[in-house]
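# Build me a structure from this.
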Amino acid sequence: PPRPPPPATPPTPRGPVPPAPGTPIAATVRDTHIRTSTHAGLTWVDIIHPGEAELEWLRRHYSFHPLHLDDALSKMQRPKIDDADSYTFIVTHFPSYSKLVRVTTPTVVDSFFVSYYLFTIRAGNLKPLVRIFNQCLEDPKARAGSMTRTSCIHIYHDYVKQEHNCFHILTNIEQNVKQP
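Numbering: from 1, shown residues only. Presented below is the predicted three-dimensional model:
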């Protein structure tokens with residue numbers, strides 16, 4: 001059956017605002033994998049290896065549609081863009097190569113784009129994303145350059161470019177496999 005459209009309720013903070021940049025946020029007794037970086041009014045919330053504790057924190061603090069939150073916990077989703085009234089939810093796949101087993105597998109990154117918030121939710125260790133987030137945490141100049149009001153638009157376009165690049169990579173891999 002078709003999914004119901006997300007509600008028009010904006011995903012505004014419902015309770016306490018996330019703590020200072022880089023501070024892990026405790027959602028339950030166990031440690032969560034939530035990090036934040038804030039600059040010039042934009043907050044990037046990066047969630048690594050999400051579990052029920054991390055998604056419960058999102059449910060309590062933000063008004064995202066429950067189906068989008070369920071998608072964020074799912075191990076495998078098809079790439080998609082869902083445009084809600086007050087945010088955009090994007091599921092992207094990026095290839096990740098394991099040198100140990102010599103296999104390329106998809107790494108899923110779920111993102112919520114809101115006017116003053118960017119949420120990235122991922123299970124894998126996508127090196128470019130980790131590098132950019134860590135630079136935003138550690139380097140004020142990098143943070144100022146990466147986190148502006150329009151950075152969500154740039155990140156969105158970078159996602160689209162990366163997605164197209166991934167298809168090119170996968171096409172090359174497929175051709176190499178088919179060659180005798």
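
# nearest spatial neighbour of residue 111, skipping sequence neighbours?
Excluding the flanking residues, the one nearest residue 111 by Cβ to Cβ, 6 or more residues apart in numbering is residue 90, at 4.7 Å. C-beta coordinates here come from the backbone N, C-alpha and C atoms, glycine included.

# Backbone dihedrals for the one you found, please?
Note on residue 90: its backbone torsions stand at phi -130, psi 130 [degrees, to the nearest 10].

# so it bridges to which residues?
residue 81, residue 111 (DSSP bridges).

# does the spatially most central residue of the chain sit in a helix, a strand or a coil?
Centre of the chain computed as the mean C-alpha position; nearest residue by Cα atoms, centre = their mean is residue 120, 2.0 Å away. Three-state call for residue 120 (DSSP: H, G, I helix; E, B strand; the rest coil): strand.

# Roughly how far does it sit from residue 34?
Note on residue 120: its distance to residue 34, by Cβ to Cβ, to the nearest Å, is 11 Å.

# and residue 87, how many residues sit next to it?
22 (other Cβ atoms under 10 Å).

# My guess is it contacts residue 64. True?
Yes. Look at residue 87 against residue 64 with Cβ atoms under 8 Å: they come within range, at 7.1 Å.

# which residue ranges form the helices in this protein?
52-61, 66-73, 127-138, 140-146, 151-178 (DSSP state H).

# Out of these, which gets nearest to residue 105?
For these, distance to residue 105 was read as Cβ to Cβ. The smallest value, 11.4 Å, belongs to helix 151-178.

# Overlap in contacts, residue 120 and residue 34.
45, 46, 47 (Cβ atoms under 8 Å, 6 or more residues apart in numbering).

# So which of these sit within strands?
Residues of the shared contacts of residue 120 and residue 34 located in strands (DSSP state E): 45, 46, 47.

# So what's the residue count around residue 73?
Under the neighbour criterion other Cβ under 10 Å, residue 73 is assigned a count of 16.

# Sorry, slip of the keys, the one I care about is residue 37.
25.

# give the contact list for it.
21, 22, 43, 44, 46, 133, 136, 137, 143, 147.

# can you rerun that using 10 Å?
The contact partners of residue 37, by Cβ atoms under 10 Å, 6 or more residues apart in numbering, come to 18, 20-22, 43-46, 118, 132-138, 142-143, 146-147.

# same deal with residue 124?
So residue 124 contacts 48, 49, 94, 96, 105, 106, 107, 108, 109, 130 (Cβ under 10 Å, 6+ apart).

# which among these end up buried?
48, 94, 107, 108, 109 (16 or more other Cβ atoms under 10 Å).

# got CSV for those residues, with distance to residue 175 and pLDDT too?
Below are those laid out as CSV (distance: Cβ to Cβ, whole Å; pLDDT from 0 to 100):
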residue, distance to residue 175, pLDDT
48, 34, 88
94, 20, 79
107, 22, 84
108, 25, 87
109, 26, 89
